[in-house]
Structures are given as structure tokens and as C-alpha cells.
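> this one's structure only:
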């Protein structure tokens, strides 16, 4: 009995050592294994809630929303060794152009409609967490948010539609989690801070600080 | 995917709700309507509050320049006035909550007066108040005075309430400095903040003629000496809702208006004195001046105004408002309420 037990333990010991020292033959299966994200097309559709914050007492938050579509312009993945050579980790480094439409509502003041063809760099870690830096330059129309009247030549008042054309310039930093990276769920969530300036008001730039929270649908398509 | 749909629906709902939520309905017979009046490329914010059934409106002309009428409504004085009349709170161009990109050449008393004329007409037609009074304070009093120099403008009004109107900047600033220096000396004499007030005296010695920036510094000193608000214990405010303004615009407006304001193409500080033209004013006037006003001193200025206007219907009592400095309707609002109602009822 003792002999049998000793033999079994010795067998298990050698078996474990043999397995741990076993190395896959590099590149042997590289044509078969296609790690997710290494070669694919990727598009992102995002819906974002915006909170434009006025830092005065009491803090005033003006809500808005934007939708954007992300088209990948450049992609440079980085392969990192995982637990096994058969499942390498892929860090995604991507540059997107993200046409973004949105609005910010300010009660009894204005509703700002904007279009920004954002340029974004996104760095997604193998686990799915990502950070994104955006450069924004676009157009904003601030429509008066109450009935607007104009005196006519005959002295009467006529209701008119009125607003201002603005240029906007800014940037944002976003952090989030891309579920499509690891969990095969085509969703990503993100949170971020957006600082932008609109021009002109009294020939000056007007600064805005906005918080953003968004959800994205991630389209991944394996390249042929 | 189900969760995704729910999230999208929630976000859209939140956005829709914020985009459509109405203002709380005012009590009973009160109105609270908000408008913009477009003049050229500027949209002046106009809030019409008060008694919906009244055919009388008071157009409040705020001070500054670069101030705002939208915050003014918080002063308790207006609560009583709004019970009986409509009150029109409008912000001047490049002031307060006004948006836009006006040229520097349009930051002039002449254009501000044209804007005020738009507001008066708007009040009659859209706010449905054919009987209009204007109430101008400080710089707003200066603007209101200029507005009244035109007979056509006077014909649109039932009367004007002028509260420490700055109708003569050229002479009022030296008068203000003359009033300030003895106060500073008295503080130094009793040993209070001696270094600070010695610096103030040096400031006045170094700036015998004031620029806009110098005047801002002077105004700070006057404020610290109680020359803007003296009767602080009687100041009361109420909660009001405000437009969701961009704070940076309010700050920008304040600087832009005060820096660029002109009269006859010249900076207002060195060029604005309407004394010689006051005789064009024939409208009923209620003049109010705080005894302790340190920025536009009552002595000399109030009497000079009375002596020069042609109006035979002037309500002015120099023995009133002895506790007030520059903002009488805030400092002695109870008395001001009584006087305003009496003036309006007598001229409606």
C-alpha cells in the first residue's frame, strides 16, 4: 500500500514538472488562432449624457445629450504574452474620427446644438478597460430658449427665431470599460470630463466644463 | 441587450424631461414670463412678473454698467410691487445674462437708450401694460435720464422713478472722492487698518483723474466705507429662480460693458454730463437719493437735478432715506414701497 502511494505521488510530481516545462511551439498555430481584436474592423456608436457644470453656489448642472459614430482611422495592436501562447493578450491602440451631434439645454437661456468631428485616441487594455483622449473642434448654434420678439419698422413686434453661431474648441478625457473585448458583449460604457470653449461672446471665448457618461455599441467584424 | 435598451430609454427619458419641464406656475394672479427682445444682433433677456391683471408696468433699468436685472428680483422690495403691478426686468446689452457678440461701438448710451425704447414698446404691446413707468438706479438712472431727453420717449411713459441717477459722471466722481477722503482720515485717526487706508490715500493722490479701472478700485473703497449699502440690517432678499446662465458670460459682460461704454463716441467717465439738457424733461419724476450715498453723493447732485429739470411734477423729499446710501430701494424698501405706490397711483 505504501509502495503504491509513493509511486502515485512520484508519478504526479513528474507529471506536473513535465507539464509546467512543456512549451508550445511558437507560431505553430498562428494561422489558426486569431486573437480577438488583432485583425478586425471596429465601429462604435455612442449615446452620451452630458452635464454642463457651472461651478458657482449652488452648483448648476445643465443637461444635454450627444450621439456619435466612431470610425477607426488607425490601429496599432500590441501583443502581450498571456498565460498561454495560444491566448495572447491584445492591447488596442486606435485613432478614431467621431462625428458627434448633440445639445445642451439651459432653461430660459439657450439650447446649444453642436456638431463636432472629434478626433480620438483610444487605448484599450487586454482586460477591456480603456482610456480615450479627444480633440474637439466644431460648430455650435445657441438658440434662445424663450419666445423672442423683434420690433418691426412699423413699431409692431413679431415673434422670431434667433440664435448665435459659435465655433467650439476643446478636448476631453474619458475612461471606460469595453465589454466586447473580453466578454463578447458588444457594449462599452464610459465616463469623462469635457472642457470646451465657445466663441464668440463679447469677442471672447466662453469656457465650459462638462461631465459625460455614455454607453456604446461596439461593432467588431473579423477581416477576411 | 435588454439592459442596453433599458439604459437607452432611461437616458432619452431623462433628456426629454429636462428639455420640456415647465417653470412652476406662479401663485394666483401672478405671472412670470420670460422672453428675449432682439435688437440687431443682441437678444435682451426680459422677465415679466407681477400682477397679471394690472395694466401698469414698471420697467426696471439696472445699474452697472454691466449689472443685471435678473438678480434684482430677489430684493424684497419687488415682492410688494409685484402684488400690484407688472414688473419688467431686462438686462442691457453686454450686461448680466445677455448673450451675443455686440460691437464695441454699440456699447454706448445712445444704443442702450434705443434698446430701452424697444423694451418700453415691448412692455406696452406684448406684456399688455399700456401704462409704463421706468425705474432707473445709479447707472440705470443715468440711462433713464438720457432716455427721457427725447420728448417722444417721454410721451410713451406715465412717469419715471430715478434713484441716485448718475446723470453727471464728470462732476460726481470728484464729489465722491471728496466725500471719501475725510472718512478715510477719520479711520486712520482712530487707528483702524492704518496701513490699508494709507494705501488708499496714496491711490487717490496718484489718480486725480480716474479711468474705468481706477473707478472700480474707488468703488471698492466706497463700499468698504458703507457708501454703497449703509443700512445693511434692513436688507432682505427672497428666493427666486434664475435662467441657467453661463457664469463666464456674466463675468465677461461685466468687464465688456464697463470698459467700452461710451457717450458721443468718447469714454463715459470723461464725457457724460447731462445737466445742460435736463430741461428737456417734463415728465412726472420721483427722485430718490440716499443721504449716505458715497458713490453719487446726494449733496449737490440731487438739488442740481431738481433745479434743472423742467418738470413741474417732481416728487422729492430730501428729509427721507437718511439711513440709506446708494441702493435706497434695498436699504429702506418699506418706505420706498409706500412712495412708489403713491407715485404710481397718482400718475396712472
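Yep, it's here. As the structure is a prediction and not an experimental result, all values here were calculated from the model.

> can you map out the helices along the stretch 51-200 of chain B?
Assigned by DSSP state H, counting those that start in this stretch, the helices in the stretch 51-200 of chain B fall at B:77-84, B:109-125, B:139-148, B:151-154, B:169-189, B:194-206.

> mean pLDDT and distance to chain A for the ones you listed - can I get that in TSV?
Bear in mind the C-beta positions are built from the backbone N, C-alpha and C, glycine included. Formatted as TSV, the helices of the stretch 51-200 of chain B follow (pLDDT from 0 to 100; distance: least, CB to the nearest CB, whole Å):
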stretch	mean pLDDT	distance to chain A
helix B:77-84	95	18
helix B:109-125	97	5
helix B:139-148	97	16
helix B:151-154	97	12
helix B:169-189	94	22
helix B:194-206	95	28
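
> okay, those, which one's buried deepest?
Across those, averaging neighbours per residue (mean count of other CB atoms under 10 Å in any protein chain shown) puts helix B:139-148 on top, at a mean of 27.

> same for that one, what does it pack against?
Judged by 3 or more CB pairs under 8 Å, 6 or more residues apart in numbering or on different chains; DSSP states H and E, helix B:139-148 is in contact with strand B:56-61, helix B:109-125, strand B:131-137, strand B:159-163.

> those: which one's closest to residue B:244?
strand B:56-61 (21.3 Å; CB to CB).

> hmm, back to that, next, format the helices and strands packed on helix B:139-148 as TSV and append distance to residue B:216.
Formatted as TSV, these follow (distance: least, CB to CB, whole Å):
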stretch	distance to residue B:216
strand B:56-61	21
helix B:109-125	19
strand B:131-137	18
strand B:159-163	21
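
> and residue A:42, which of the ones you listed is closest to it?
Comparing the helices and strands packed on helix B:139-148 by CB to CB, helix B:109-125 comes nearest, at 54.1 Å.

> Serialize the helices of the stretch 51-200 of chain B to TSV and add fields for distance to residue A:50.
Putting the helices of the stretch 51-200 of chain B into TSV (distance: least, CB to CB, whole Å) gives the following:
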stretch	distance to residue A:50
helix B:77-84	35
helix B:109-125	33
helix B:139-148	37
helix B:151-154	45
helix B:169-189	45
helix B:194-206	46
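
> do you know the pLDDT at the nearest residue to residue B:161 once chain neighbours are set aside?
The shortest distance from residue B:161 to any non-neighbouring residue, by CB to CB, 6 or more residues apart in numbering or on different chains, is to residue B:135 (4.2 Å). Looking at residue B:135, its pLDDT stands at 98.

> before we move on, what about residue B:26?
74.

> show me the helices in chain A, by range?
Secondary structure of chain A (DSSP state H): helices at A:2-21, A:179-182.

> can you tell me which of these the model trusts least?
helix A:2-21 has the lowest average pLDDT among these, namely a mean of 53.

> my guess is residue B:30 contacts residue B:50, does it?
Yes: counting by CB atoms under 8 Å, residue B:50 is a contact partner of residue B:30 at 6.6 Å.

> quickly list what's touching both of the two.
Common neighbours of residue B:30 and residue B:50 (criterion: CB atoms under 8 Å, 6 or more residues apart in numbering or on different chains): residue B:82.

> strands of the chain, residue ranges please.
If you meant another chain, say so; for now it's chain A. A:40-54, A:60-75, A:78-80, A:89-106, A:110-124, A:129-144, A:148-151, A:157-160, A:163-178, A:187-201, A:204-222 (DSSP state E).

> right idea, wrong chain: chain B
Under DSSP E, chain B gives strands at B:30-39, B:42-51, B:56-61, B:86-90, B:131-137, B:159-163, B:262-263, B:266-267, B:285-288, B:314-315.

> by contact count, what packs against the last one?
The contact analysis (3+ CB pairs under 8 Å, 6+ apart) places strand B:314-315 against strand B:285-288.

> parallel or antiparallel, list what pairs with the strand it packs on.
strand B:159-163 (parallel), strand B:314-315 (parallel) (DSSP bridges).

> return the set of buried residues in it.
B:285, B:286, B:287, B:288 (16 or more other CB atoms under 10 Å in any protein chain shown).

> beta partners of the closest residue to the last one other than its chain neighbours?
Just to be clear, that refers to residue B:288. Computed as CB to CB, 6+ apart, the closest residue to residue B:288 that is not its neighbour in sequence is residue B:163, at 4.7 Å. Beta-bridge pairing of residue B:163 under DSSP bridges involves residue B:137, residue B:288.
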